[in-house]
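Asker: Got a predicted structure plus its sequence, pasted below:
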Amino acid sequence: MFAILVDVTKCTGCERCVEACRLRAVEGVPPDLARTGEPLSADRRCAIEPVAANRWARKSCLHCLEPACVAACLVGGLTKTPEGPVIYDQDKCIGCRYCMLACPHHVPRYEWDRRLPFVVKCDMCWERLGQGRVPACVEACPHEALRFGDRRELLAAAHDLIARAPRRYLPRVWGEHEWGGTCVLYLSDVDLGVLDFPDAGAPPIPALTDPMIEKTPFVGAGVAVGLWALGAIIARRNAVMAAGGRVTGPDGIARLRDEAGQEEEGPDGRD
Amino acid sequence: MGAIDRSRLLKDVLWLLAFAGAVAIAFRLWFGLGPTTNLSDAVPWGLWKILNMVAGVALSTGGFTVGFLVYVLSRERFRPLVKPAILVAFLGYGSSVFALMLDIGLPHRIWHPIFMWNERSFLFEVAWCVMLYFTVTIIELSPTLLDRLRLRGVSRFLHRIAFWVVIVGISLSSLHHSSLGSLFLVTPERLHPLWFTPRLPWLFILSAMGAGLMVVVLAKLLYAGLYDPASVFGPTALPRRRGVCAVAEEPSARPRGPDLPMLRQLSSVAAGVLGVYLVVKLVDLWATGAVDALTAWTWESYLYVGETVTLAIVPIVLVAVPRARRSLVGLGAAASAAAIGLVWNRVDVGIFGYFRDAGVAYVPSLAEWALSLGVIAAAGLVFLYASEYLPIFDQIWRQRESVRGRFVSVFDRTSGVWSPILAAGLYRTTLIAVLAVPLAWVALYPPYHPRAQTDAVAPPLALDVARTSLKVDGDRNALGVTFPHADHQRRLGAKDSCVNCHHLALPNDHATPCSRCHRGMERPTDLFDHAAHFERVAVKDHLRDANDACVRCHEPGRPKTARTAKACLECHRADMRPTREPSGGHGLATAMAYRAALHRTCIGCHRARAEEAGRPKLGDCSHCHEQGVSAVLRARAAGVTERSPTLAVGAAGGAGL
């Protein structure tokens, strides 16, 4: 599984990654490269966010191992590929924007100004990966702050770096465990809570919703069966009470149920 | 004045809102979501989803709860409320689906969930259940319509399967009413802790069931107030004043109509359900540890308390106190409070609960309000007309003296004319449309409402990473000219152009001097437009002989070169500004030469902290300057300027810098 390792201590915020991303991602219309320093938006799948004084980090889709957006999308328009990237199928999207609500990192963006808008988010240069090339942002980074490779190897490399330079890095690889892990990992000497990272122990969001939704068909069927049984029992009880004997058959029950209904009048009804 | 006329004012208002909503719909479809709504990337879900969809569906719960009471529990006394409840459900769901269709970005793809499945999504479940339950309400409602159309055969078949339809409807409802709460379970960090709880589905279904019954009570009261006061208020208590307000403003009357006990009992059931809801909610508040969030007394706390009081405590208290329960005012207030509280709760969860996370307050645009209320108003109109023309509220509506005149004939076949009442209504409605549409058009026209730029997702620190422009102080007189840095970067081949100027800087230069590239002043690519200067000077000074212009800048009697020309500053002093002066938000700063950068910025830090940070000792000259030549210059001489990116991780693994 591919991943990107971001070394926050090396990033200078030059936005070459953003530029490369925009040149790759925008089709037809040449992007306005003079506009810089902006957050993620519909024409910016990758952005540089200041995380502290003199510290920047590349922000984009983190390609979670268990993505909330993939679980949330009702038409299955978002897919977690075995290769790592979470990709978006705009032919399926209906524009409900539930993925935007679900994403714990506030990543997906919407083309609000288009009449027929789509969701915009990083796909880790999915088609470039198919050509055996690295993502555009990684290729563009002049400071080797971005590294692309196998997630396990990158994690090993990250921990190796932490072990070798314990004073340089905080002893935590952001994205290793948060929400069940992400395919964009961060090494840093400042806390990255700014990037909406939770505590390291935060469980993946689908782990909260999947067990509940798996029960749904059974709950529905159970409710239906229970109601049927309850309705039958009560109808029968009413029938027996009204007739003082055993009454069978749906018509008889319905008739007696109606009679019972007319007779039944609560104490409240008389005041 | 017949009883039927009491609905006229209400209908006028609803038509007005509906027409304004129609204009908003047109704008939303033509201009798109961005220009018409105040939604943003920080607040992707707004009024249409939360008010129309989540709250609208919740308000329609009566359709299945009354069905449950009558068909499953055989509480026959509530049977007269089945049809009104189903009508409310049908309209609630219909209007929700309609508003949702306009809310999603691609309305023409509303059918996608039917064929494209994601069984893991709560929204998928909600979509399917709402779709199926809407069909159920249509099936449940159709006998009424079919009876009116005299299709008894179909209607009899539908009556036979009614019990099963109700059972399916209840089980679908129990699924999606809870799932509407589960929708928000995917946002554990984003939703405010007061509202986020794993028990959201339970809270949603309980509150919807309780308040949904109250909505049925409210619908019945509304109907009675407009068309059939005797059924609830008794024969003597008929309020003389028009409209629904009269219901709540008649304290002296002690009304007793035949239907009142039924409503009272239904509200008792509702209060019971709301009591369970209140207990679950409070226990949950304690269990999730959100008490701290409550006692922090932020504005969210007040919303939470207000919502809980309105939705649960007020109705329960009103129903529990016998004196309040017996009065119409008390009953109406309890029902209204529950309905308002339910909407309040849903808006809290879906909108206000996310403000803290979004860091920005979302205020729906005028068009959002218009569309939202317009769709609700349209549903209200359908409710009113259906109550008038279909046997919804009473099986014997035809016999009622107060309404008979209204319904004898909509269209008289023999004379071929429409009923005068209908014709008058059409005339009135047309008048309202003529009034409402242009007004709404002007008020809602999106270009009149430029979109407010939200800084919600903007980076917290100002950043000029591209250094779009710089102050360059070439002659070090503390006056700088604006140097279009980004423009140079672009023209010199953006990617690796930095080195062209910075790495060639001579000692004591901030950067490579401009003149290193801009040599000949008469070259067309030059910054200095010699021809323009020449012309301007000649015209400005009204020189008869153009050649006299030369000496304005060049020393007479010497070769006319850049060297012999005046300094720019001698004329353009006003165009230059002190280097240190902050200006224009561009973060103007002096450019720094490579040498200065390395020696001053990098080495200073490396010397101080290289050891502890595990960085190479740049402080040692020999680290770069082997044999007296800078490593960078050597690399440049060797032609190695391009980094070659690699897939191999291991290769870069050892790089400490």
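Answerer: Okay, I see it. Keep in mind that this is a model prediction, so the values were computed, not measured. Numbering: from 1, shown residues only, chains lettered A, B, ... in the order given.

Asker: alpha carbons only for contacts and neighbour counts from here, please
Answerer: OK.

Asker: Let me see the contact set for B:Val347.
Answerer: Contacts for B:Val347 (CA atoms under 8 Å, 6 or more residues apart in numbering or on different chains) come out as B:Ile50, B:Leu51, B:Ala55.

Asker: Check for me that the first one belongs to a helix.
Answerer: Looking back up the chat, that one is B:Ile50. Yes - looking at B:Ile50 with DSSP: H, G, I helix; E, B strand; the rest coil, it is inside a helix.

Asker: Surely it and B:Arg346 touch.
Answerer: Yes - the pair B:Ile50 and B:Arg346 passes the contact test of CA atoms under 8 Å, sitting 6.7 Å apart.

Asker: So if I had to pick from those two, which one is more boxed in?
Answerer: B:Arg346 (24 against 21; other CA atoms under 10 Å in any protein chain shown).

Asker: got the contact list for the more buried one?
Answerer: B:Arg346 neighbours (CA under 8 Å, 6+ apart): B:Ile50, B:Leu51, B:Val54, B:Ala55.

Asker: got the contact list for the last one?
Answerer: What that stands for is B:Ala55. By CA under 8 Å, 6+ apart, the neighbours of B:Ala55 are B:Leu342, B:Val343, B:Arg346, B:Val347.

Asker: of all those residues, which two lie farthest apart?
Answerer: B:Leu342 and B:Val347 (8.6 Å; CA to CA).

Asker: Let me see the contact set for A:Ile162.
Answerer: A:Arg168, A:Tyr169, A:Leu170, A:Pro171.

Asker: Helix or strand: which one has it?
Answerer: helix A:151-164 (DSSP states H and E).

Asker: quick one, what contacts the closest residue in space to B:Phe124 that isn't next to it in sequence?
Answerer: The shortest distance from B:Phe124 to any non-neighbouring residue, by CA to CA, 6 or more residues apart in numbering or on different chains, is to A:Leu74 (4.4 Å). Each residue near A:Leu74 by CA under 8 Å, 6+ apart is listed here: B:Pro113, B:Met116, B:Trp117, B:Asn118, B:Glu119, B:Ser121, B:Phe122, B:Leu123, B:Phe124.

Asker: A:Val8 now?
Answerer: Contacts of A:Val8 (CA under 8 Å, 6+ apart): A:Arg55, A:Trp56, A:Ala57, A:Ala145, A:Tyr186, A:Leu187, A:Ser188, A:Asp189.

Asker: what does the stretch 251-400 of chain B put close to chain A?
Answerer: Neighbours of chain A within the stretch 251-400 of chain B, by CA under 8 Å from any CA of the partner chain: B:Pro261, B:Met262, B:Arg264, B:Gln265.

Asker: so B:Phe134 is in which element?
Answerer: Judged by DSSP H and E, B:Phe134 forms part of helix B:122-148.

Asker: residue ranges for the strands of the stretch 101-250 of chain A, please.
Answerer: A:109-110, A:119-120, A:146-150, A:184-187 (DSSP state E, counting those that start in this stretch).

Asker: Would you reformat the ones you listed as a markdown table and include mean pLDDT, distance to B:Lys11 and mean neighbour count?
Answerer: Listed next are those as a markdown table, based on pLDDT from 0 to 100; distance: least, CA to CA, whole Å; neighbours: other CA atoms under 10 Å in any protein chain shown:
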| stretch | mean pLDDT | distance to B:Lys11 | mean neighbour count |
| --- | --- | --- | --- |
| strand A:109-110 | 93 | 38 | 24 |
| strand A:119-120 | 93 | 40 | 21 |
| strand A:146-150 | 93 | 64 | 23 |
| strand A:184-187 | 94 | 57 | 27 |
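
Asker: out of those strands, nearest to A:Cys137?
Answerer: Per CA to CA, nearest to A:Cys137 of these: strand A:146-150, 7.7 Å.

Asker: And the closest one, what does it pack against?
Answerer: Applying 3 or more CA pairs under 8 Å, 6 or more residues apart in numbering or on different chains; DSSP states H and E, one finds that strand A:146-150 contacts strand A:2-7, helix A:136-140, helix B:649-653.

Asker: hey, where'd the helices end up in the stretch 51-200 of chain B?
Answerer: B:56-59, B:62-67, B:82-103, B:112-115, B:122-148, B:152-160, B:162-182, B:200-227 (DSSP state H, counting those that start in this stretch).

Asker: between those helices, which gets the lowest average pLDDT?
Answerer: For these, mean pLDDT drops lowest on helix B:152-160, to a mean of 79.

Asker: what angle do that one and helix B:122-148 make?
Answerer: Helix B:152-160 and helix B:122-148 are oriented at 130 degrees to each other (axes from the mean of the first three to the mean of the last three CA atoms, to 10 degrees).

Asker: Now helix B:152-160: buried residues?
Answerer: Neighbour-count burial for helix B:152-160 flags B:Ser155, B:Leu158, B:His159 (criterion: 16 or more other CA atoms under 10 Å in any protein chain shown).

Asker: List just the nearest of the contacts of B:Arg346 to B:Ala378.
Answerer: Using CA to CA, these come closest to B:Ala378 at B:Leu51, 15.0 Å.

Asker: and the helix holding A:Ile162, which residues are buried?
Answerer: Buried-residue list, helix A:151-164, by 16+ other CA under 10 Å: A:Arg151, A:Glu153, A:Leu154, A:Leu155, A:Ala157, A:Ala158, A:His159, A:Leu161, A:Ile162.

Asker: Apart from its chain neighbours, what residue comes closest to the first one?
Answerer: In space, and not counting its chain neighbours, A:Arg151 is closest to A:Ala3: 4.8 Å by CA to CA, 6+ apart.

Asker: Show the pLDDT at the one you found.
Answerer: Reported pLDDT for A:Ala3: 95.

Asker: Isn't it up against A:Val184?
Answerer: Yes - counting by CA under 8 Å, A:Ala3 touches A:Val184, with 5.6 Å between them.

Asker: could you give the mean pLDDT of stretch B:449-468?
Answerer: Computed over stretch B:449-468, the average pLDDT equals 46.

Asker: which residues touch stretch B:109-125?
Answerer: Counting by CA under 8 Å, 6+ apart, A:71-76, A:92-94, A:210, A:213-214, B:101, B:127-128, B:176, B:179-180, B:182-183 sit against stretch B:109-125.
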